[in-house]
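1. with the input below, show me the fold.
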Amino acid sequence: MANPDFKDQEVIVNVEHLTKDYGFGRGVFDVSIQVHKGECYGYLGPNGAGKSTTIRHIMGFSKSSTGKVEIFGQPSFGNSDKILGRVGYLPGEPAIPQGLNGWGFIKMMQGMRGEANEEYLQYLLKKFAFDPSPDVKEMSLGDKRKLAVVTAFMNDPDVLILDEPTSGLDPVMQKVFIDFIVDEKKRGKTILLSSHIFSEVDATCDTISIIKDGKHVSTFNAKDVKNAPDAIFVLRFRNKENLEKYLANTKYEVIDKAMHSGLAVVKFPKTEYKEFLHGLIGYKLNSMEERSFSLQDYFMSFYKEQKEFGGLGGVVGNGTQPKEKAEEKKPKSEGRKNATAAFWVIYGIVVLALAVFGTVFHSLVIFQADAAIAAPGIIYWLFKLIDWGEARMPKKKKRKGAK
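-> Below you'll find the model as predicted:
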């Protein structure tokens, strides 16, 4: 979906129905992106969703299974060297040679691109408070990231493709970077920015696509989120009974709830404020407050897990579990113990059989003895097995008060 503010501008990045299937559900599937000149396009999703895979195809590093990927009107694959000469590319995990210092890496990148803009380079070094003198191997993760940022932008390219650009930067530098991107937008730069940080995308992007499990689930104008037609209220009921009664009767969407604490988060159209408030008559509330709708709220509507939040003591998946759930698992634990004991008893029987065979063979064949001589050895091994098996069977715990 083209952003109406940029639909008349030239298309710089064009991805149509891109599919790259690595098998077992991994890859990207039927992905389409259009980034117009002067537009900042946000690509939002958690780690592993497919953002970097898409960007590698745009840069020409990977060949798609199906679909079309173009930049500057030319196919990406097979033209990666030309693309790198015209694009400021910041990879998610930059590979920086360890045998160089920062200046050496900068000079190497300038030589590869065949040009240098010393004035803009000095501006970037000052902007990000970065000294490139130390060896790369001695740099912190944050300084390595600054070096990658500086080398991506130092030729002042018109197109920026940024994959998780603030990863590794401290909060102060993240703010500096966001301000820098806002300034670059004002200069008319075309930007594709992938991230999982809501504030970063919210502050910079004109159009946003959300990717989940390699598939686009939504593409929208960033202004539409800020001017959302729905209102969100957080209701705190006096008790669980009031909350249950409200949930059974309300017609509005409950986007979150916590039965234990009597909390419900309700979304409804802003045109129905009066009807929403009228629907609360008769219920006992401790408090209610309006919450502004955010990019994070919209994003989480696609990733929200189907579970109920009931405090740290009862949320499945936070390392604890409700008491009744834990009790249900006890028989399974006893069953595992019994299965283990049974395995060892069977194992012992096999060992005994081999021992009996060995004893009989030793007595009857080697010494030509009769069965009476072999019998004591067999009886000995039989009692040893019984004692050994009983020692490994789980003992029943005595109940309190039992004699």
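2. where does residue 53 fall, secondary structure wise?
-> Using DSSP states H and E, residue 53 sits within helix 51-58.
3. average pLDDT across that helix?
-> Averaged across helix 51-58, the pLDDT comes to 94.
4. so in the chain, which strand runs the longest?
-> strand 11-23 (DSSP state E).
5. list the strands paired with that strand, with their directions.
-> strand 26-36 (antiparallel), strand 66-71 (antiparallel) (DSSP bridges).
6. CSV for these, including distance to residue 173?
-> All C-beta atoms are positioned from the backbone trio N, CA, C, and that covers glycine. Formatted as CSV, those follow (distance: least, CB to CB, whole Å):
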stretch, distance to residue 173
strand 26-36, 25
strand 66-71, 28
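7. out of those strands, which one sits most buried?
-> strand 26-36 (a mean of 20; mean count of other CB atoms under 10 Å).
8. give me the angle between it and helix 51-58.
-> If you take axes from the mean of the first three to the mean of the last three CA atoms, to 10 degrees, strand 26-36 sits at 60 degrees to helix 51-58.
9. and the next helix-or-strand element following strand 26-36, C-alpha only, in CSV?
-> Following strand 26-36 in sequence order, the next helix or strand is strand 40-44 (DSSP H and E). Extracted as CSV, the C-alpha positions of strand 40-44 are listed here (Å, rounded to 0.1, in the frame of the first residue of the first chain):
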residue,chain,number,x,y,z
CYS,A,40,11.3,6.7,5.5
TYR,A,41,9.9,3.2,5.4
GLY,A,42,9.9,1.2,8.7
TYR,A,43,10.2,-2.5,8.7
LEU,A,44,9.0,-3.7,12.1
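10. who does strand 40-44 pair with, and is each partner parallel or antiparallel?
-> Here, using DSSP bridges, strand 40-44 pairs with strand 190-195 (parallel), strand 207-212 (parallel).
11. now do that strand, average pLDDT.
-> 94.
12. mind listing residues that contact it?
-> Contacts to strand 40-44, defined as CB atoms under 8 Å, 6 or more residues apart in numbering, come from residues 13, 33, 35, 51, 54-55, 181, 185, 190-196, 198, 201, 204-211, 222, 295, 299.
13. do the same with stretch 227-241
-> 243, 246, 255, 259-271, 273, 276, 280, 283-293, 297-298.
14. go on, stretch 193-205?
-> The contact list for stretch 193-205, computed with CB under 8 Å, 6+ apart, reads 40-47, 51-52, 54-55, 92, 160, 162-166, 174, 178, 181-182, 185, 191, 208, 222, 225, 294-296, 299.
15. buried among those? Need that as a selection in PyMOL.
-> Burial among the contacts of stretch 193-205 is assessed by 16 or more other CB atoms under 10 Å; the matching PyMOL selection reads:
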select buried, resi 40+41+42+43+44+45+51+52+54+55+92+160+162+163+164+165+166+174+178+181+185+191+208+222+225+294+295+299
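16. and stretch 253-261, what's buried?
-> Buried-residue list, stretch 253-261, by 16+ other CB under 10 Å: 256, 257, 258, 259, 260.
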